[in-house]
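Colleague: Next comes the sequence, and after it the predicted model I'd like to discuss.
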Amino acid sequence: MIHSEILKTILGIDHGFLTKLTSHELSQHHIFKLCRVKQVHGSNVVSIEDIKKLDQHQTEEADIIITSLPRVALTIATADCVPLLFCDPIKKVVAASHAGWRGTAQNVAHATVQALVHKRGCDTKEVRVAIGPSIQKCCYEVDQKVYDGFLVKIFFTPIPGKKDHWFFSLSEMNQYQLIEAGVLEKNIWRSSLCTACRPDLFYSYRKEPETTHRQFSFIALK
Ligand SMILES: [Zn+2]
């Protein structure tokens with residue numbers, strides 16, 4: 001399991017980015033109840049208010065989950081997309097979100113920060129964020145459709161000899177969006193691990209399009 005430097009020093013939370021080798025550890029986590037939603041590459045928010053209703057959220061279409069309840073592990077499943085884990089240690093709130101290119105184009109990072117501010121009264125300067133392993137610029141080749149989805153072009157690198165194709169740094173784009181949303185750069189941790197480069201650790205949709213396996217990321221208040 002991979003832990004971020006920024007979150008692992010915060011007392012009162014537990015978090016992790018699981019790999020192929022550690023995926024069983026989440027289901028063995030008897031202390032927490034797992035909370036999942038139906039991820040649809042959007043920017044809808046689900047706020048978890050009642051531990052008895054966790055099952056109902058499983059069919060709810062959303063890519064952002066937020067809670068102040070203890071012992072609820074907000075869980076995101078990915079295979080190349082960017083998992084984002086949030087914590088405000090002052091307000092004692094956690095959130096998790098899922099950002100593929102479509103979600104990132106809808107600024108799911110900003111929407112999560114806004115949910116923390118408006119639903120829980122968080123101060124953006126207190127918010128800590130860990131950006132988990134995802135497909136990185138080395139492997140993430142995109143076409144015009146993705147390029148056109150973003151106003152900010154600084155994370156696209158043209159590919160020599162390949163017109164209208166770029167390498168795109170999705171995780172850096174998310175980091176940029178978090179800073180634009182008011183999160184301090186010093187409070188953001190970003191994994192440089194590439195899910196497509198490391199089949200020993202991760203499932204990758206780009207590497208194996210037929211895969212239905214996903215890696216899980218979670219965050220919970222203890
Ligand atoms: Zn790579």
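Modeller: Cool, got the structure.

Colleague: What parts of this protein come near the ion?
Modeller: Proximity of the chain to the ion, by C-beta under 5 Å from the ion, involves residues Gln136, Cys138, Cys139, Cys194, Ala196, Cys197. For the C-beta atoms, the positions are set from N, CA and C on the backbone; glycine is no exception.

Colleague: Who wins on neighbours among the residues you listed?
Modeller: The most neighbours of any of those, using other C-beta atoms under 10 Å, belong to Gln136, which has 22 neighbours.

Colleague: Correct me if wrong: it contacts Arg198.
Modeller: No - under the criterion of C-beta atoms under 8 Å, Gln136 is not in contact with Arg198, lying 10.0 Å apart.

Colleague: And the residue in the chain sticking out farthest from the centre, how far from the ion?
Modeller: Within the chain, Gly161 marks the point farthest from the mean C-alpha position, 32.8 Å out by C-alpha atoms, centre = their mean. From Gly161 over to the ion the distance is 20 Å, taken as C-beta to the ion, to the nearest Å.

Colleague: same check, this time on Pro83
Modeller: In terms of C-beta to the ion, Pro83 sits 16 Å off from the ion.

Colleague: any weak-confidence spans in this structure?
Modeller: When residues are selected by pLDDT under 70, those of the chain lie in 29-30.

Colleague: tell me, how many neighbours does Lys20 end up with?
Modeller: Counted with other C-beta under 10 Å, Lys20 comes out at 13.

Colleague: Now do the SS call for it.
Modeller: Here Lys20 is recorded as coil under DSSP: H, G, I helix; E, B strand; the rest coil.

Colleague: Need the contact partners of the lengthiest helix in the chain.
Modeller: Across the chain, the helix with the greatest residue count (assigned by DSSP state H) is helix 108-120. The contact list for helix 108-120, computed with C-beta atoms under 8 Å, 6 or more residues apart in numbering, reads 42-43, 45, 47, 63-64, 66, 68, 84, 86, 88, 91, 93, 95, 97-99, 122-124, 127, 129, 174, 177-178, 180-183.
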